[in-house]
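Provided below are the primary sequence and the corresponding predicted coordinates.
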Amino acid sequence: MKKMDILQAPFVREMVEVTTNLYRLGWDERNGGNISYLLKKEEILPFLDPNEVLRTIPMIFDGSKLAGKYFIVTGSGKYFKNVSAAPTDNLGVVRVSDDGKGVELLWGLTNDAVPTSELPSHFMSHIARLEVDPENRVIMHNHASHLLAMSFTHNLDEKAFTRTLWQMCTECLVVFPEGIGVLPWLVPGTNEIGKATAAKMKETRLVLWPQHGIYGAGKDMDEVFGLIETAEKAAEVYTYVCAQGGIKQTISDENLWTLADAFGVIPKEGYLEER
């Protein structure tokens, strides 16, 4: 049976749209940022023959827990600004090999390109999030400007950082009631930062890499993009507030409890004063 044009596949179109938006927002300069999207086999079958492997790409991470799973990923060294014009050069559909030591390329990543150097971090986070919620399929990393700036000026204690974000925009507690995880500065592209991020991902869908960027996870592109967008907006408001002379009034803990009750969310334990 003739396969459909993969450039019309919903998962390819989503990747093109979101990478275009991320570049437009200034969150993914040059080749900064990366995305991985867990696909179901039935999603790729109309477009690709899973038996036609173009090449196998080794990994520095044991991905055996994801063996046989399919992903569309951004490429290493690829600029998000170029994805819409040349998706085949900048994106790839891969399957994790049976031994977990590599990925099998089924489409894209032309001219011997390889998946993002952050692939081990992505896969570790995928494993962690799938254990928490089997519907979480997207991991997104970018350099959201105001969150990045806030990591230079704000106390990096997770509770303090989370509370500030919650207090900047009413919707924040509703969108990420579990708060935001914060790592120490670590070298990107290593198993060390991947393990540290994955450990945080067991408790939250947002992890800040100070002086670097943000990691987000969720069930689909809209959820993850919206999650990061909401935290970034709060960080932007914080930037304006500081520039305007600092906080004079804010959302009280009593208000936040009322908000949580109204939307049926549970704030991270210990982050608000007891009622």
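Okay, I see it.

For Y37, what is the enclosing helix or strand?
Using DSSP states H and E, Y37 sits within strand 34-39.

Which secondary structure elements does that strand sit against?
helix 10-24, strand 70-74, helix 119-132, strand 138-142 (3 or more Cβ pairs under 8 Å, 6 or more residues apart in numbering; DSSP states H and E). Backbone N, C-alpha and C define where each C-beta goes, glycine included.

Could you identify which of the ones you listed is most buried?
Among the helices and strands packed on strand 34-39, strand 138-142 has the highest mean neighbour count (mean count of other Cβ atoms under 10 Å), at a mean of 28.

Pop the domain breakdown of the chain in here.
1-117, 118-275 (automatic domain parsing).

want to throw the ones you listed into a markdown table with mean pLDDT?
Below are the domains of the chain laid out as a markdown table (pLDDT from 0 to 100):
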| stretch | mean pLDDT |
| --- | --- |
| domain 1-117 | 96 |
| domain 118-275 | 96 |
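
Pull the contacting residues for V73.
34-37, 91-92, 94, 115-116, 119, 122 (Cβ atoms under 8 Å, 6 or more residues apart in numbering).

at 10 Å instead, please
Contact analysis of V73 by Cβ atoms under 10 Å, 6 or more residues apart in numbering lists 15, 34-37, 91-94, 103, 108-109, 114-116, 118-119, 122-123, 139.

Also D133?
Listed by Cβ under 10 Å, 6+ apart, the contact partners of D133 are 205, 217-219.

R205 now?
If a contact means Cβ under 10 Å, 6+ apart, then R205 has 125, 129, 132-133, 136, 138-139, 175-176, 178-181, 215-219, 223-224, 227-228 as its contacts.

Identify those among the residues you listed that sit within strands.
Among the contacts of R205, DSSP state E puts 138-139, 181, 215-218 in strands.

Most widely separated two among the residues you listed?
For the ones in strands among the contacts of R205, the maximum inter-member distance is 17.1 Å, found between V138 and G181 (Cβ to Cβ).

any idea how far V94 lies from I6?
Note on V94: its distance to I6, by Cβ to Cβ, to the nearest Å, is 13 Å.

So between those two, which is more surrounded?
V94 (27 against 20; other Cβ atoms under 10 Å).

Name the helix or strand for the closest residue to that one other than its chain neighbours, please.
Of all residues not flanking V94 in the chain, V103 sits nearest, at 3.9 Å (Cβ to Cβ, 6 or more residues apart in numbering). In this structure, V103 sits in strand 102-108 according to DSSP H and E.

so what's A198 up against?
A198 neighbours (Cβ under 10 Å, 6+ apart): 120-129, 131, 207, 215.

same thing but 7 Å
124-125, 127-128 (Cβ atoms under 7 Å, 6 or more residues apart in numbering).

before we move on, what about N155?
Contacts of N155 (Cβ under 7 Å, 6+ apart): F161.

by contact count, what packs against the strand holding V103?
On a contact count with 3 or more Cβ pairs under 7 Å, 6 or more residues apart in numbering; DSSP states H and E, strand 102-108 meets strand 55-58, strand 91-96.
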